[in-house]
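[1] Prediction below, plus the sequence it came from.
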Amino acid sequence: MLGTLKTEPARSRPDLLAPPVAAALGRWPADATVPVDDVLVAPIDPTLADTAAFCAAYDVGLDASANCVVVAGRREGTLRYAACVVLATTRADVNGVVRRHLDVRKASFAPMADAVGLTGMEYGGITPIGLPESWPILVDARVVTTPYVIVGSGVRHSKIALPGSALALLPGAEVIEGLARPAA
């Protein structure tokens with residue numbers, strides 16, 4: 001499930017987290033159905049942060065690894081952002097489900113500079129934990145049924161492992177059936 005990752009409670013290793021992620025874990029509700037100590041972190045080689053390379057190097061299945069992508073769309077002159085969390089075996093339906101959810105004419109992946117600047121996280125390490133609270137976090141239903149899922153930590157030199165159900169508890173999270181389609 002967690003492959004060869006050497007995990008420990010994420011709260012105890014802020015050096016392995018982007019500042020917004022560490023701050024969000026500090027605000028984790030004490031009475032949450034998933035305790036904050038179930039959110040784990042593991043150091044990794046930053047050159048292996050991209051999903052396929054990471055999964056191969058650390059013996060983690062693509063079905064236990066999730067990607068968090070930042071999507072943007074414009075409506076009446078206003079730019080709207082959302083984060084989509086999907087398993088690595090799938091791809092977010094950006095111009096279908098996501099576009100309709102954001103109520104925009106066209107949705108696309110946010111430019112790298114925007115995603116990094118707005119989240120305070122490194123590209124390739126963006127995670128749903130610690131995103132701007134005004135953003136919806138769209139989580140594919142398959143992710144929340146995964147016992148433990150691996151996501152970014154906000155930086156490229158580590159990964160977070162947590163129960164998939166914990167992602168449904170994040171501020172702004174919405175679990176959406178059919179958010180993603182199987183990857184080709």
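    Thanks, I have it. Numbering: from 1, shown residues only.

[2] Please name the bridge partners of Cys84.
    Beta bridges link Cys84 to Val69, Leu138 when assigned by DSSP bridges.

[3] from memory it sits against His101, does it?
    No. Using Cβ atoms under 8 Å, Cys84 is not in contact with His101; the gap is 9.4 Å. C-beta here means a position set from N, CA and C on the backbone, and glycine is covered the same way.

[4] What number of residues are in the vicinity of Leu87?
    The local packing of Leu87 (other Cβ atoms under 10 Å) involves 23 other residues.

[5] Go ahead and confirm it touches Asp140.
    Yes. Counting by Cβ under 8 Å, Asp140 is a contact partner of Leu87 at 6.7 Å.

[6] Overlap in contacts, these two.
    Common contact partners of Leu87 and Asp140 (Cβ atoms under 8 Å, 6 or more residues apart in numbering): Ala180.

[7] next helix or strand past whatever helix or strand Val175 lives in?
    Per DSSP states H and E, Val175 falls inside strand 173-176. Next helix or strand after strand 173-176 toward the C-terminus (DSSP H and E): strand 180-182.

[8] Model confidence score at the residue lying farthest from the centre of the chain, please.
    Most distant from the centre of the chain: Glu76, at 28.0 Å, with distances by Cα atoms, centre = their mean. Note on Glu76: pLDDT of 87.

[9] Ok, Ala183 next?
    Here, the pLDDT recorded for Ala183 equals 84.
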